[in-house]
Structures are given as structure tokens and as C-alpha cells.
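1. Quick one, fold the following:
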Amino acid sequence: MEFDFLGATLVNLSINIVYTLIALFVGMKALLIIDDKLLKSIDIQEEMKKGNIAVSIFASTILIFVALIVTFGFKG
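-> Sure thing, here's the model as predicted:
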């Protein structure tokens, strides 16, 4: 009985990890496409070196978005 529960748990964990990786890949790809299309003339890293706070906030929201994708993926 305990092995059935453990097996079901491992299958559920595997499905969640695969879902999380797919969602993370699609999310990051979408963000990169949006970045290429909307922000053609802005180099985010160069602007951050210059001390542009708005670009830093934008970059941090992208990282928060990625963290949310990973978190919700593990919650199932």
C-alpha cells in the first residue's frame, strides 16, 4: 500500500516538473519575443549599468514572473 502511494506521488511530481519546465520555456520564449519586438532600441543591461531605475524594475518583474511560473508549476 505504501509503495502505491509513493509511486503515485512520484508520477505526480514528475508531471508537475515537466509542466513547470514547459511553462517556463514558453514563458521565457514569449518574454524574449516581446522584448525583441517592443524594445528594439533599448539594451537592458546597458541601461542598468547607467543606473536607470525603470529598466531595473522592469527586469525584476520579469524575474518575479519566472518565479511565479515555477511556483505554480510545483503546486499542481
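2. Please list all residues in contact with the residue nearest to Leu24 when sequence neighbours are not counted.
-> For Leu24, ignoring the flanking residues on the chain, the nearest one in space by CB to CB, 6 or more residues apart in numbering is Ile69 at 5.3 Å. Where C-beta positions appear, they are placed from N, C-alpha and C, glycine not excepted. Residues in contact with Ile69 (CB atoms under 8 Å, 6 or more residues apart in numbering) are 20, 23-24, 27.
3. now, among these, which is nearest to Lys40?
-> Lys40 lies nearest to Gly27 out of these, by CB to CB, at 20.9 Å.
4. Check which residues of stretch 25-32 are buried.
-> For stretch 25-32, the neighbour count (16 or more other CB atoms under 10 Å) marks Gly27 as buried.
5. Give me the below-cutoff pLDDT ranges for this structure.
-> Applying pLDDT under 70 to the chain flags residues 1, 73-74, 76.
6. Could you give me the buried positions within the host helix or strand of Ala30?
-> Assigned by DSSP states H and E, Ala30 belongs to helix 2-38. Buried residues in helix 2-38, defined by neighbour count with 16+ other CB under 10 Å: 20, 27.
7. could you say what helices and strands that helix packs with?
-> In terms of contacts (3 or more CB pairs under 8 Å, 6 or more residues apart in numbering; DSSP states H and E), helix 2-38 is packed against helix 53-75.
8. any idea of the angle the helix it packs on forms with helix 2-38?
-> Calculated by axes from the mean of the first three to the mean of the last three CA atoms, to 10 degrees, helix 53-75 forms an angle of 160 degrees with helix 2-38.
9. so how far is helix 53-75 from its chain's centroid?
-> Remark: helix 53-75 is offset 7 Å from the chain centroid, using CA atoms, centre = their mean, to the nearest Å.
10. can you tell me which residues contact the residue nearest the centre of the chain?
-> Taking CA atoms, centre = their mean as the criterion, Val66 is the residue nearest the geometric centre of the chain, at 2.3 Å. Counting by CB under 8 Å, 6+ apart, Val66 makes contact with 24, 27-28.
11. From those residues, pick the one nearest Lys75.
-> Leu24 (14.2 Å).
12. could you measure that closest one against Val66, distance?
-> 7 Å (CB to CB, to the nearest Å).
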